[in-house]
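# Got a predicted model here, sequence first, then my questions.
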Amino acid sequence: MDRKEFLSTIGITAASFALINCIGCSKKSDSASGSVTGPTGVDFTLDLSLSSNSALLSNGGYLASNGVIVAKTTAGAYIAVQQSCTHESYPLIYQGSSQQFYCNNHGSAFTEAGVVKNSPANRNLTVYKTTLTGTSLRVFS
């Protein structure tokens, strides 16, 4: 393969990756209004003594379960919001140091109370209640 063929192949590969990423950005939301709501009828319990839930033992830790992100704030409180961004349903992460939920796909950010901080999201997150009893953390609507 000569240099011209090599550069042509690299260009086609890069263009393919760009196209795939653009197609991913055009993902349709789950609702006709263009915003995504969280699950309803949420009611589950996490056993904090299990290693699978150990992220919730540290301030700033979080995990996703049943379509909900459950986090332990830097102040030590448990909070829970819908797992999907209200913009286009991409999964959110919790950034404890910034005290926010963040969408890596388009940059939307939400406060710990689920309120929009950065667009393109224009609707707040669904927030769920949490109750800690011993090592059992209940998350419910």
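Looks like it came in fine. Predicted, not measured: the structure shown is a model, and the values here were computed from it. Numbering: from 1, shown residues only.
# Walking through the protein, point out its helices one by one.
With DSSP state H as the criterion, the chain has helices at 3-25.
# which residues touch the most centrally placed residue in it?
Most central in the chain under C-alpha atoms, centre = their mean is L92, positioned 1.1 Å from the mean C-alpha point. Neighbouring residues of L92 by C-beta atoms under 8 Å, 6 or more residues apart in numbering: 69, 81-85, 101-103, 110, 125. For every residue, glycine as well, the C-beta is placed using N, CA and C.
# For the longest strand belonging to the chain, what does the pLDDT average out to?
Longest strand of the chain, by residue count under DSSP state E: strand 127-133. Computed over strand 127-133, the mean pLDDT rounds to 98.
# tell me which of the contacts of L92 is nearest to S141?
Nearest to S141 out of the contacts of L92 is Q82 (C-beta to C-beta; 10.8 Å).
# quick one, what contacts the closest residue to that closest one other than its chain neighbours?
Leaving aside its sequence neighbours, Q82 sits nearest to G38 (C-beta to C-beta, 6 or more residues apart in numbering; 2.6 Å). G38 is in contact with 67-68, 81-84, 125-126, 128, counting by C-beta under 8 Å, 6+ apart.
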